[in-house]
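Asks: show me how the following folds:
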Amino acid sequence: MLAWYGGFELDPSEMGSWVYREDRWKPRAPIVKIRPAVYLRGCEGSIYVDDIYLGPPIELPTPPRTTIPLAVTGSNGRFTGWPQFSFLDFRPAAHVFHLAGKNEANLELTCDIEVGKPAPIYLTSAWGSQYWTLYCPQRRELVQIFTDERLDLSQAGQHTVPVRMCGFSDRASDLAAGGYVFITEATKSFLIYSTEKPAGEAYPDARTGKTFSYWDGVKIERLSRGLGASGVVAPFSVADLSSYRLSVAAHAFGQQVTVRPVLTDAQGAEVPLYGLELRGEAAGKMLDLSPQVDADGVPTGTYAGAFAGGKPEQMRVSGVVRLACPTGTKGERINEQVKVFTLAPAPPRPLPGLDLIGWGYATYELSPKASHGPDSMKRLVSDAKAAGVSKLLVHARSSTETLYPSSIAPAGTVGEWDVLRAAVEDGKRQGVDIYAAYILGIAQKADLEAHPDWAAVGRDGKSSGWYCYNNPEVRAYHGALMSEIVRQYDVGGIALDFCRPGGGCFCSRCAAAFEAKYGKPLKDVDAYDADWVNWQRDCITEYMRELRAAIRKARADAKFSGYVWGRLAADADRAGQDFARWLREGIMDFVAVGIYTPSSPQFRAQCHVLREIAERDLAGHTEGIYPLLGVGYIQRANPSHAEADAVINRHLRAAREEGLQGAGYFAFYSIRTHLETSGAHSAATEP
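Replies: Numbers count the residues shown, from 1 in each chain. Alright, predicted model coming up:
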C-alpha cells in the first residue's frame, strides 16, 4: 500500500481545502505492477494521485513552504458556500511591550488574512478566548496566553485583524521580562457565527453593525505550515518600560560581524530586541545586518553581516525600536558607535546518544490473521533495530482486545494469534527488549457487560466507558492480568497507557470515600477544586503502587512503566499523574512522556521541564524519563519527507542538548521512513 507514512484520514477541518500528502516507500521485493487506489468514506470531493516514481532512492526536491488555504467546516452539517481564507502573516505591534507586573502586559499581535471565497460568517476565539503559546528562548520556558480576535469572512480580499491578549493561564510559566516568540503549531479553535443559519445565541458585532447567530465550531491545526519553521512567528520582548536604556555590542568571527542590541529595563533586566531593521557602517562602508536564528528556527537576538578585508575596529549601528510604553507606542532610535571585539567560536560539546524506545505498532500492517501476522512482527522488530530502539512496547491488551491467549480475559476478546509471543521471539533474535504495553483506564466492553459495577461514573450519573480506579475488584483484575503476562512471557516488563483518572469517577463508592476524607459532597466540587485534584492524583498513585506490587510478586525482575502527559512547567500538574513521585518512590522504573508537537522550540522547552523535574525530585537522574516524539504530528505539519526528517532530527538533538538520556516514538510505526535519522541519535548504534 502506498500511503502518507501509513494509513491516513481526512479530518473535518481539511474538507474543502487542498491537502498534500507525500510518501517515501522502500519495497521489500521488486514491484511488477502498481495500481493506485483511494477509498473515500464519509466525505465528498476529489483526490489526485500524481508524481509516482519507481526506481532507486533519490533526493526529492522540497516543496516550497506556502500559506495553506483553510476551509471552514463544521460538525453540524454542510453550510452552503463555506468561505476559504488564508493566514498570511503574524507580527507584533511593537518590538518591546510594557510589563506592568506579573502576567500584566499590553501585548498585541497583528494578523493578516486573505479571504478568497467570502461567506456571511464570523469567527471568534472559542468560548471568547483560546490559548496560544509563547516560548522564551533564554529560559526555555513556555507561557500560555489567552487571545481575543474576530475574523470577518464576509468580504473578499486581504484584512488586518488585531489579536489582543486578555489573560494568562496557570498551566505554564509566568510571563516575565525577556524575549518571546509565538508558537502557532497548536490547534486553534474558533466559534462560527453566521447570518444564514440562525441557531443559538446572537452575536452583535460592534465593528460591522451586523448580528451573527452561533452556528458551529471549527479547529484549524496547520498554521505552522504557512507561518514559518517550527511554527515560530512574531518575536518580541516584554520589559518594565517605566524607564529603560538601549545598548549595542559587536563581535567579529572570521569575515562576519555580529551585532546584539539590548534593552535594559527599569528593574535591570536585559531583554533582546527582535525583528529590527539594522544597518552597520564601518570604514565608510554600509553593511546590512540580518537577523540570525538558531537550529530550532528561533531568533537569537543577534544580527550578522559579512565584511571584506580586515576586521573593523569600530562600527556605527543604526535602527529604530518600537516600544509599547505605558503612555503609548513610540519609536526609539539606535545610533551608536561601538567597538568590534574578536571572539573565537566555542568548540562543539560532545553529547551522549539516546536510549530510544518505541511504543505501539498501531497500523504497522500487523495482520489479524495467523497466516501473516508473525511475518509482519518480524518487520516491526527489524525496523526497531534499524532505528536504534532498545525497548519496543508491543500491545498485550488494548481497549478492545487481548493480544495473547489469556486464561483470565473474557472469551471473545482474544485475537487469532499470539502477538506478544511473536514479538518476544523476534526481539530475542534481533536484540530488542520487548515490553507488554497495556491500556489500563479505558474499559473493554465485555468487562463492563459482565461487571456493570466496574464502570467509572461521570458527573451525569452515566458510565464514562472507563474503569472505576477505586474499585478493588478492578484493581485485582488488572493486577492478575499483568501478573499472568510477566509469568508466561519473557518480556522486559509492563508499560501502561491511560494510567490516569480520565474525567474522574463519581460512583457511590468514590463519592463516599471522598466525603469521608474531605468532609464535603463530591457532587459539589468543580474540576479545579484543590481537594478533588489531590484526590485523583493520590488515588492513581495508590493504584500504581498496588499494580507494581502484584507484578513484583509474580516476577521480581519485571519492570513497571507508564505513559504520562507532558508538562508545560515543572509544577503544572496534568492528568492526575504524579510521575516524579512514581519514579522517586520506585513505583515505576521509567515513564514515557507524550510531547506531540511539530514545534522544536516547544519540544525543547518541555524537555527542559523534564530536566528541571529530575533536578528537583530525582537528584538529577534523567535515565527514567523518555520524552516521546509524535512523529505522525510532525509528518502532518510538514509538506515533505525532507522537512519532516529535519524536524525529527532537531527534536532528538534537543533532547540530548537538554541533558536527557532517552527519548522515543508514539506510535512507533510512523518512524519507519526515518530509520537512519533515528539511528544517528541512538546510543545503541553509536560507533
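Asks: confirm residue 634 sits in a helix?
Replies: Yes. According to DSSP: H, G, I helix; E, B strand; the rest coil, residue 634 belongs to a helix.
Asks: what are the ranges of the helices in the stretch 101-250 of the chain?
Replies: With DSSP state H, counting those that start in this stretch, the ranges of helices along the stretch 101-250 of the chain come out as 223-226.
Asks: what residues are up against the closest residue in space to residue 403 that isn't next to it in sequence?
Replies: The shortest distance from residue 403 to any non-neighbouring residue, by Cβ to Cβ, 6 or more residues apart in numbering, is to residue 419 (4.0 Å). The way it works is simple: take the backbone N, C-alpha and C, and place the C-beta from them, glycine included. Residue 419 is in contact with 366, 373, 377, 394-396, 403-404, counting by Cβ atoms under 8 Å, 6 or more residues apart in numbering.
Asks: now do the phi/psi pair for the residue most central in space within the chain.
Replies: The residue lying closest to the centre of the chain (Cα atoms, centre = their mean) is residue 597, at 2.4 Å. With angles defined as degrees, to the nearest 10, residue 597 shows backbone torsions of phi -150, psi 140.
Asks: and the contacts of residue 419, which is closest to residue 356?
Replies: Relative to residue 356, the closest of those is residue 394; by Cβ to Cβ it sits at 15.3 Å.
Asks: what are the boundaries of the helices in this protein?
Replies: Using DSSP state H, the helices of the chain run over residues 223-226, 373-386, 419-430, 445-450, 472-488, 508-518, 530-554, 579-584, 600-617, 631-637, 641-657, 675-680.
Asks: how far away is the residue nearest to residue 544 when sequence neighbours are not counted from residue 648?
Replies: Distances taken as Cβ to Cβ, 6+ apart put residue 587 closest to residue 544, at 5.1 Å, once the chain neighbours are dropped. Distance of residue 587 to residue 648, computed by Cβ to Cβ, to the nearest Å: 31 Å.
Asks: more neighbours: these two, which one.
Replies: It is residue 648, of residue 587 and residue 648, that has more neighbours when counted by other Cβ atoms under 10 Å, with 25 against 21.
Asks: what's the pLDDT at the residue nearest to residue 544?
Replies: At residue 587, the pLDDT value in this model is 98.
Asks: quick one: it from residue 448, how far?
Replies: Taken as Cβ to Cβ, the span from residue 587 to residue 448 is 27 Å.
Asks: one more: residue 476?
Replies: For residue 476, the distance to residue 448 - Cβ to Cβ - is 16 Å.
Asks: quick one, which of the two is more surrounded?
Replies: Neighbours per residue (other Cβ under 10 Å) separate residue 476 from residue 448, with residue 448 holding more: 17 against 12.
Asks: wouldn't that one be in contact with residue 463 here?
Replies: Yes. Using Cβ atoms under 8 Å, residue 448 makes contact with residue 463 at a distance of 6.8 Å.
Asks: overlap of the contact sets of these two?
Replies: residue 455.
Asks: who's in contact with residue 357?
Replies: 389-393, 592, 626, 662-665.
Asks: now do the buried residues in stretch 478-495.
Replies: Buried residues in stretch 478-495, counting neighbours by 16 or more other Cβ atoms under 10 Å, are found at 478-486, 488-489, 491-495.
Asks: wait, which of the residues you listed is closest to residue 165?
Replies: residue 495 (40.3 Å).
Asks: any idea how far the closest one lies from residue 402?
Replies: 16 Å.
Asks: could you do residue 392 as well?
Replies: Residue 392 is 19 Å from residue 402, by Cβ to Cβ.
Asks: pick out the most distant pair among the buried residues of stretch 478-495.
Replies: Most distant of these, by Cβ to Cβ, are 480 and 492, 20.0 Å apart.
Asks: for this structure, what helix or strand is lowest in average pLDDT?
Replies: Using mean pLDDT, DSSP states H and E, the weakest-scoring helix or strand in the chain turns out to be helix 223-226, at a mean of 58.
Asks: what's the local residue count around residue 297?
Replies: Neighbour tally, residue 297, other Cβ under 10 Å: 18.
Asks: might one say that the residue nearest to the centre of the chain is in contact with residue 603?
Replies: Yes. Applying Cβ under 8 Å as the test, residue 597 and residue 603 come out as touching, 5.5 Å apart.
Asks: just the strands in the stretch 51-200 of the chain please.
Replies: 70-71, 84-92, 96-101, 104-105, 108-117, 121-125, 130-136, 141-148, 150-152, 157-168, 178-183, 188-194 (DSSP state E, counting those that start in this stretch).
Asks: repeat that for the stretch 201-350 of the chain.
Replies: 202-204, 211-220, 232-239, 244-253, 256-265, 270-272, 278-282, 285-293, 299-306, 314-325, 328-342.
Asks: okay if I get those as JSON lines plus mean pLDDT?
Replies: Listed next are these as JSON lines, based on pLDDT from 0 to 100:
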{"stretch": "strand 202-204", "mean pLDDT": "73"}
{"stretch": "strand 211-220", "mean pLDDT": "74"}
{"stretch": "strand 232-239", "mean pLDDT": "92"}
{"stretch": "strand 244-253", "mean pLDDT": "94"}
{"stretch": "strand 256-265", "mean pLDDT": "95"}
{"stretch": "strand 270-272", "mean pLDDT": "98"}
{"stretch": "strand 278-282", "mean pLDDT": "91"}
{"stretch": "strand 285-293", "mean pLDDT": "91"}
{"stretch": "strand 299-306", "mean pLDDT": "94"}
{"stretch": "strand 314-325", "mean pLDDT": "95"}
{"stretch": "strand 328-342", "mean pLDDT": "94"}
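Asks: most tightly surrounded among those?
Replies: Of all the strands of the stretch 201-350 of the chain, strand 232-239 carries the top mean neighbour count, a mean of 25, counting by mean count of other Cβ atoms under 10 Å.
Asks: neighbouring strands for that strand, and are they parallel or not?
Replies: Sheet pairing for strand 232-239, assigned by DSSP bridges, gives strand 96-101 (parallel), strand 178-183 (antiparallel).
Asks: turn the ones you listed into TSV, including mean neighbour count and distance to residue 164.
Replies: What follows is the strands paired with strand 232-239, written out as TSV (neighbours: other Cβ atoms under 10 Å; distance: least, Cβ to Cβ, whole Å):
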stretch	mean neighbour count	distance to residue 164
strand 96-101	20	11
strand 178-183	26	14
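Asks: what's the closest of the ones you listed to residue 136?
Replies: Set against residue 136 and scored by Cβ to Cβ, the strands paired with strand 232-239 come closest in strand 178-183, at 5.1 Å.
Asks: can you give me how far that closest one is from the chain middle?
Replies: How far strand 178-183 lies from its chain's middle: 17 Å, per Cα atoms, centre = their mean, to the nearest Å.
Asks: run through who's touching that strand.
Replies: Outside of strand 178-183, the residues that reach it under the criterion Cβ under 8 Å, 6+ apart are 90, 109, 132-139, 143, 224, 230-238, 269, 271-272, 274, 298-299, 301, 599, 601-602.
Asks: if I read this right, residue 501 contacts residue 539, doesn't it?
Replies: Yes. If you go by Cβ under 8 Å, residue 501 and residue 539 touch, sitting 6.8 Å apart.
Asks: joint contacts of these two?
Replies: Counting by Cβ under 8 Å, 6+ apart, the common neighbours of residue 501 and residue 539 are 469, 576.
Asks: the two: which has the busier surroundings?
Replies: Per other Cβ under 10 Å, whichever of residue 501 and residue 539 has more neighbours is residue 501, with 24 against 20.
Asks: what's the pLDDT at that one?
Replies: Residue 501 carries a pLDDT value of 95.
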